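Peer 1: Dropping a prediction and its sequence here:
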Amino acid sequence: MRGGRVAVVGGSIAGCAFASAAVRAGADEVSVLERTRGRLADRGVGLCVHDDRAAELAAAGALPAGIAAHPLARRRWLVRDDAAGPAGRVFWEQPFPFHSYHWGLLWRGLREATPRSVLYRQGAAVAGVADAPCAPDASDTSGTAGGHAEVRLADGTVEAYDLVVGADGYRSVVREAVCPDHLPQYAGYVCWRGNLDAARLPAAGAGDWPSDTVATVCWPGGSCVVYRIPGPDGLRVNWVLYATPPQAGRLPYDDPTSFPPGRVTEQLTAHLDEILDRRFPPYWARVLGLTEPRDVHVQPLYDLATDRITAGRLLLAGDAASVVRPHNTSGAAKALQDAAAFEAAWRAAGSWAELLSAYRDSRGAAGRELVALARRLGRAQVERTPAWAAMDGPAARAWWQAQLGGAPDIGGRAMTP
């Protein structure tokens with residue numbers, strides 16, 4: 001099947017990947033509808049991709065070569081122990097075969113790799129989408145007959161496409177049309193995110209922290225991961241701290257979106273300071289304390305496992321298809337895997353119906369598995385934390401395997417057995 005008009009709602013990582021996949025698979029026209037008018041705000045956020053997933057995605061053409069990545073090899077779990085020194089006590093070290101990325105640099109690489117034929121329309125805010133079936137034309141052999149989808153823009157314009165891809169994140173407009181009864185649910189806790197120039201680390205004092213190592217600081221009721229990422233001007237330190245907000249799990253505000261840098265409330269800032277002072281080894285408290293307020297934001301955590309990822313000529317991708325808590329370290333890999341599976345399904349399909357069916361069979365269960373795993377990890381690392389201080393290597397390893405529940409690792413599964 002070749003030809004057809006495709007709209008990709010959302011121009012972020014998933015959107016760029018799907019636009020490229022659609023062109024490679026044979027679409028006549030691909031439009032990306034991105035609501036923002038300027039550069040997408042990345043806030044310097046870091047992310048990781050498992051080495052096996054990266055190799056698989058590169059081979060499939062979904063992960064372009066040349067994007068800056070920092071190699072990671074191991075993860076140290078540690079607790080505050082004043083007798084062990086200012087950096088705390090490491091109670092377990094595990095392999096961590098990942099590379100870290102800077103969100104903005106990864107997005108830029110995917111955007112630059114998007115074929116020139118793609119019409120990337122910034123400021124095209126989508127207000128709604130609808131599947132619009134019509135009577136099939138028996139004389140049409142291109143696979144494009146039998147229906148279409150309509151996109152309604154914020155200015156009232158309605159546009160028709162053969163396929164609409166929802167790559168518009170956890171508050172997806174396209175998801176509202178595919179499964180209107182599915183809404184992301186608040187997990188009961190939030191994460192503070194921050195990043196800083198790694199050149200500032202000496203100001204935190206002496207600390208045994210190799211460049212290829214992820215540190216996970218643990219305390220009753222929370223945990224924090226700290227690792228280096230590539231940045232536009234050299235290495236940066238990225239950290240994500242998970243904990244219940246000060247109002248006993250209730251959101252301390254009405255808007256379910258995150259607090260961007262510069263708008264974090266005094267209450268949330270004070271709560272973070274208290275955690276660093278009471279729970280963190282002094283060295284790691286000083287590391288996080290080096291972060292400028294403009295580089296800190298707070299994100300409430302949600303998740304959602306959808307029963308459907310397609311409906312008519314509508315298809316969901318990335319976070320629009322399944323909202324996964326970040327504990328999995330699988331978000332970017334999952335979005336790129338979705339795009340690779342979409343391209344493979346298109347190449348093998350003889351009609352739009354076959355394409356959508358093959359994509360649904362390939363990626364529906366994968367998203368639900370990731371959501372379930374992230375929920376287990378969230379319970380174990382935030383909601384029902386173990387007695388970290390009493391753990392040693394064997395106990396921690398057994399605890400970890402119990403949370404994986406049969407999954408080979410975090411970072412997502414291989415696309416093919």
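Peer 2: Cool, got the structure.
Peer 1: Which residue comes closest to Asp28 once chain neighbours are left out?
Peer 2: Ranked by Cβ to Cβ, 6 or more residues apart in numbering and with sequence neighbours excluded, the top spatial neighbour of Asp28 is Gly3, at 4.8 Å. C-beta coordinates here come from the backbone N, C-alpha and C atoms, glycine included.
Peer 1: did I read that right, that neighbour in a helix?
Peer 2: No: with DSSP: H, G, I helix; E, B strand; the rest coil as the criterion, Gly3 is assigned coil and is not in a helix.
Peer 1: That one is in contact with Ala22, isn't it?
Peer 2: No: between Gly3 and Ala22 there is no contact under Cβ atoms under 8 Å: 11.2 Å.
Peer 1: more crowded one of those two?
Peer 2: Counted by other Cβ atoms under 10 Å, Gly3 and Ala22 do not tie: Ala22 has more neighbours, with 28 against 12.
Peer 1: was I right about that one contacting Val6?
Peer 2: Yes: in this structure, Ala22 is within contact of Val6 by Cβ under 8 Å, at 4.7 Å.
Peer 1: what is in contact with the two at once?
Peer 2: The contact sets of Ala22 and Val6 overlap at Val30, Val165 (Cβ atoms under 8 Å, 6 or more residues apart in numbering).
Peer 1: Got phi/psi on Tyr101?
Peer 2: Here is the backbone geometry of Tyr101 (degrees, to the nearest 10): phi -130, psi 160.
Peer 1: Pairing partners for it in the sheet, please.
Peer 2: Counting by DSSP bridges, Tyr101 is bridged to Leu47.
Peer 1: How confident was the prediction at it?
Peer 2: With respect to pLDDT, Tyr101 has a value of 97.
Peer 1: how close does it sit to Leu268?
Peer 2: Distance, Tyr101 to Leu268, by Cβ to Cβ, to the nearest Å: 27 Å.
Peer 1: the more surrounded of the two?
Peer 2: Tyr101 (26 against 19).
Peer 1: Against Ala167, how distant is the more buried one?
Peer 2: Going from Tyr101 to Ala167 by Cβ to Cβ gives 18 Å.
Peer 1: And Gly207, by the same measure?
Peer 2: Between Gly207 and Ala167 the computed distance is 40 Å (Cβ to Cβ).
Peer 1: before we move on, what about Val323?
Peer 2: Val323 is 13 Å from Ala167, by Cβ to Cβ.
Peer 1: Show me which of those two is the more surrounded one.
Peer 2: Each of Val323 and Ala167 has its neighbours counted (other Cβ under 10 Å); Ala167 has more, 31 against 28.
Peer 1: Need phi/psi at that one.
Peer 2: phi -120, psi 40.
Peer 1: tell me the contacts of it?
Peer 2: Val8, Val9, Gly10, Gly11, Ser12, Ala14, Gly15, Phe18, Ala317, Gly318, Ala320, Ala335.
Peer 1: Quick check: the gap between the third one and Arg200.
Peer 2: Computed as Cβ to Cβ, the Gly10 to Arg200 distance reads 34 Å.
Peer 1: higher neighbour count, the two?
Peer 2: Each of Gly10 and Arg200 has its neighbours counted (other Cβ under 10 Å); Gly10 has more, 28 against 14.
Peer 1: Check the protein and tell me which residue is nearest its centre.
Peer 2: Centrality entry for the chain: nearest residue to the mean C-alpha point is Gly331, 2.9 Å, by Cα atoms, centre = their mean.
Peer 1: in terms of contact, does it touch Asp319 like I think?
Peer 2: Yes: taking Cβ under 8 Å as the definition, Gly331 is a contact partner of Asp319 at 7.0 Å.
Peer 1: Name the nearest residue to Gly11, sequence neighbours excluded.
Peer 2: Per Cβ to Cβ, 6+ apart, closest to Gly11 is Glu34, 3.2 Å.
Peer 1: So the one you found is in contact with Ala124, correct?
Peer 2: Yes: under the criterion of Cβ under 8 Å, Glu34 makes contact with Ala124 at 6.4 Å.
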